[in-house]
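1. Need a 3D model of the sequence below.
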Amino acid sequence: KTLQAGKHTYVEKPLGINRDEAANVLRVAASSGLRVSCAPDTVLGAGIQTCRKLIDEGAIGKPVAFTAFMISRGHEHWHPNPEFYYDHGGGPMLDMGPYYTTALLNLLGPFKRVMGMASITRPERTITHKDREGKPMHKFGQVMKVVEPDHIMGVIEFANGCMGSMIQSFAMRAGSGAASPIIIYGTDGTLLVPDPNNFDGPVKICRFEDGKEDQFVDVPHAFTTGYGRAAGLADLAHAIRSGREDRCNGQQAMAALDMMLAFNDSSAAGRAVEASVSYKRPAPMPADLPFGVLD
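-> Residues are numbered from 1 along each chain as shown. Okay, the predicted model is just below:
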């Protein structure tokens with residue numbers, strides 16, 4: 001409706017809950033000469049952008065493998081109305097997966113195919129949310145039906161040859177490596193990527209050097225820190241004014257959605273699912289610019 005009203009549009013993630021819905025948004029935008037940008041914009045933060053710069057400069061050599069794990073017990077323990085997280089269009093992949101898939105696309109480029117498995121580990125869940133004083137909230141004790149898979153895992157092969165594992169789960173807890181939920185392994189080093197749900201997490205790298213023990217060291221951010229969840233909207237406004245491509249553009253959001261949906265599609269079909277849309281990485285953020293300056 002915003003596009004039909006003649007407005008450029010910035011939307012929350014994901015771009016849609018199925019490919020047809022998302023593709024229709026992009027078609028309406030294209031037919032009207034309008035832009036659609038989509039969260040997450042955390043990829044514009046100093047954490048992911050520093051990691052992208054390191055990979056692009058060859059700091060870890062050729063990317064060979066990765067892990068991308070989001071491990072959670074689910075949201076019924078803290079959210080007052082958690083039902084939608086487990087209904088159609090919910091689940092850990094469409095809820096948290098956009099942060100991970102968008103970060104991986106920025107770091108590694110287009111993906112080639114996905115082999116996934118998905119399951120409902122608990123068909124019913126009990127809401128146990130309490131207020132800050134420990135008093136049960138209005139839905140405490142209610143039982144929810146779980147419709148979408150709450151545990152999804154599999155492997156992704158990227159067009160550059162890098163292959164790795166992804167887990168998006170509302171069925172586990174106490175996962176190790178929460179500070180570096182994405183790890184990129186290269187021929188010459190290993191990169192610990194910060195939480196893609198945030199902007200400015202710590203970056204660590206281990207460079208392989210003969211005669212020296214493998215050791216991770218902190219990498220200073222090469223980009224401005226302090227951005228929050230309006231950076232993508234600001235970037236869209238700058239892009240409209242200057243005529244450049246927006247860095248959280250709809251094509252990227254469509255590729256992220258395509259990757260996420262491929263896990264369930266692969267699980268149902270019992271085979272690998274190829275990417276169905278094209279993708280080109282947006283331009284990186286310029287380094288060493290003052291806060292609030294995007295170009």
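2. Neighbouring strands of the strand or helix carrying Arg125 in the sheet, and parallel or not?
-> Assigning secondary structure by DSSP states H and E places Arg125 in strand 124-126. Using DSSP bridges, the strands paired with strand 124-126 in its sheet are strand 143-145 (antiparallel).
3. Report pLDDT for the closest residue in space to Met115 that isn't next to it in sequence.
-> Spatial nearest neighbour of Met115, excluding adjacent residues (Cβ to Cβ, 6 or more residues apart in numbering): Ala272 at 4.6 Å. To be clear about C-beta, it is placed using only N, CA and C from the backbone, and glycine gets the same treatment. Ala272 is assigned 98 on the pLDDT scale.
4. which ones are touching Ala272?
-> Residues counted as contacts of Ala272 (Cβ atoms under 8 Å, 6 or more residues apart in numbering) are 113-115, 266.
5. which of these lies closest to Arg125?
-> Proximity of those to Arg125 (Cβ to Cβ) peaks at Ser266, which lies at 25.2 Å.
6. hang on, that closest one packs against Met115?
-> Yes: judged on Cβ atoms under 8 Å, Ser266 makes contact with Met115 at a distance of 5.4 Å.
7. what touches both of these two?
-> Common contacts of Ser266 and Met115, defined by Cβ under 8 Å, 6+ apart, comprise 154, 272-273.
8. how about those in a markdown table, adding distance to Gln252 and secondary structure?
-> Listed next are the shared contacts of Ser266 and Met115 as a markdown table, based on distance: Cβ to Cβ, whole Å; DSSP: H, G, I helix; E, B strand; the rest coil:
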| residue | distance to Gln252 | secondary structure |
| --- | --- | --- |
| Gly154 | 21 | strand |
| Ala272 | 22 | coil |
| Val273 | 19 | strand |
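9. Just the helices from the stretch 151-295 of the chain, written as ranges.
-> Ranges of helices in the stretch 151-295 of the chain, per DSSP state H, counting those that start in this stretch, are 231-242, 250-269.
10. As CSV, the ones you listed with mean pLDDT would be great.
-> Rendered in CSV, the data for the helices of the stretch 151-295 of the chain read as follows (pLDDT from 0 to 100):
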stretch, mean pLDDT
helix 231-242, 96
helix 250-269, 98
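11. Deepest-packed of those helices, please.
-> helix 250-269 (a mean of 23; mean count of other Cβ atoms under 10 Å).
12. residues of the strand holding Arg125 that come out buried?
-> By neighbour count on 16 or more other Cβ atoms under 10 Å, the buried set for strand 124-126 is Arg125.
13. And stretch 128-146, by the same measure?
-> Buried-residue list, stretch 128-146, by 16+ other Cβ under 10 Å: 129, 139, 144, 146.
14. for stretch 209-219, what is the average pLDDT?
-> The model assigns stretch 209-219 a mean pLDDT of 86.
15. how about the CA coordinates for that stretch, as PDB?
-> The C-alpha trace of stretch 209-219 is given here as PDB (Å, rounded to 0.1, in the frame of the first residue of the first chain):
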ATOM      1  CA  GLU A 209      51.800 -18.400  10.600                       C
ATOM      2  CA  ASP A 210      54.500 -21.100  10.500                       C
ATOM      3  CA  GLY A 211      56.400 -21.500  13.800                       C
ATOM      4  CA  LYS A 212      53.700 -19.700  15.800                       C
ATOM      5  CA  GLU A 213      50.900 -21.000  17.900                       C
ATOM      6  CA  ASP A 214      47.400 -20.300  16.600                       C
ATOM      7  CA  GLN A 215      46.000 -17.500  18.600                       C
ATOM      8  CA  PHE A 216      43.100 -15.100  18.200                       C
ATOM      9  CA  VAL A 217      43.700 -11.400  18.500                       C
ATOM     10  CA  ASP A 218      41.200  -8.500  18.500                       C
ATOM     11  CA  VAL A 219      40.800  -6.500  15.400                       C
END
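16. low pLDDT regions in the protein?
-> Within the chain, the set of residues satisfying pLDDT under 70 comprises 175-179.
17. Next up, the contacts around the spatially most central residue of it.
-> Geometric centre of the chain, nearest residue: Tyr99, 1.9 Å, by Cα atoms, centre = their mean. Tyr99 sits next to 13, 40, 42, 70, 196-197 when contact means Cβ under 8 Å, 6+ apart.
18. Quick check: the gap between it and Met93.
-> Separation of Tyr99 from Met93 (Cβ to Cβ, to the nearest Å) stands at 11 Å.
19. Nice, that's everything, thank you.
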